[in-house]
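> what follows is a predicted structure for the sequence shown.
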Amino acid sequence: MNTENNGQPFFEDPNAALREIAQNPAAYAHYLADFHRVVLDMQAKLEILQRETRVHCRGTRVEGDKMGQAFLRSFPVEKSLNDVLKNLKNATAGLEKSAHKRHAHDEKVKEVKKQRKEKVQLKERKNNPPLQAASENPGQQGAQSPNMGYGGPTSIYNLDRRESA
């Protein structure tokens, strides 16, 4: 960082702080929350200004006015302020939505990394299955074991040990 002002900016990169904020979802949310507070404060003050302007403009009567002419004169002023307030409400909603989307983006990135890692592991297992030694019982190759259960071959002659369907 250069402290002398000889034609160069005070900071080397003025966008460095914002770049760091964009990379950290918590800092991003905190930064947007600051903007959100400012916009909400502006919105509250403009709503008060809107009410006071409405009262003043509608109450301003000129000699010879007919019924409703004061309202018609105040309508463009009220409409312009209403449009500003509508845009501020959209801005606050957009700030909230952006903070949530930024957090969701980081969660999704973590999830994608995890899914890809699992996918690679599954592919490795599929291509190189672990070797399993087959258990052989040389003494019982032809004889039936005493507790075959439902897994082994049966004949109709030993149905008394099994439940009927």
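Looks like it arrived, so ask away. Numbers count the residues shown, from 1 in each chain.
> CA only for contacts and neighbour counts going forward, please
Fine.
> so, low pLDDT: which residues of the protein?
Where the chain drops to pLDDT under 70, the residues are 1-11, 133-165.
> and if we set it to 90?
The chain contains residues with pLDDT under 90 at 1-19, 21-26, 28-29, 57-74, 99-100, 102-103, 121-165.
> that one: helices as residue ranges?
16-23, 25-59, 69-127 (DSSP state H).
> counting neighbours, which bits of the second one end up buried?
Meaning helix 25-59. 25, 28-29, 32-33, 36, 39-40, 43, 46-47, 50, 53-54, 57-58 (16 or more other C-alpha atoms under 10 Å).
> elements contacting that helix?
On a contact count with 3 or more C-alpha pairs under 8 Å, 6 or more residues apart in numbering; DSSP states H and E, helix 25-59 meets helix 16-23, helix 69-127.
> how close does residue 67 get to residue 120?
78 Å (C-alpha to C-alpha, to the nearest Å).
> what of residue 87?
From residue 87 to residue 120 the distance is 48 Å (C-alpha to C-alpha).
> ditto for residue 73
For residue 73, the distance to residue 120 - C-alpha to C-alpha - is 71 Å.
> likewise for residue 38?
For residue 38 relative to residue 120 (C-alpha to C-alpha), the value is 47 Å.
> what does residue 113 give?
11 Å.
> ok, now residue 28?
Taking C-alpha to C-alpha, one finds residue 28 at 33 Å from residue 120.
> report the contact partners of the residue lying closest to residue 99 once chain neighbours are set aside.
With C-alpha to C-alpha, 6 or more residues apart in numbering as the measure, residue 29 is the residue that lies nearest to residue 99, at 5.1 Å, once sequence neighbours are left out. By C-alpha atoms under 8 Å, 6 or more residues apart in numbering, residue 29 lies in contact with 99-100, 102.
> let's have those residues in TSV, adding distance to residue 130.
Listed next are these as TSV, based on distance: C-alpha to C-alpha, whole Å:
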residue	distance to residue 130
99	46
100	43
102	41
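> done for today, thanks.
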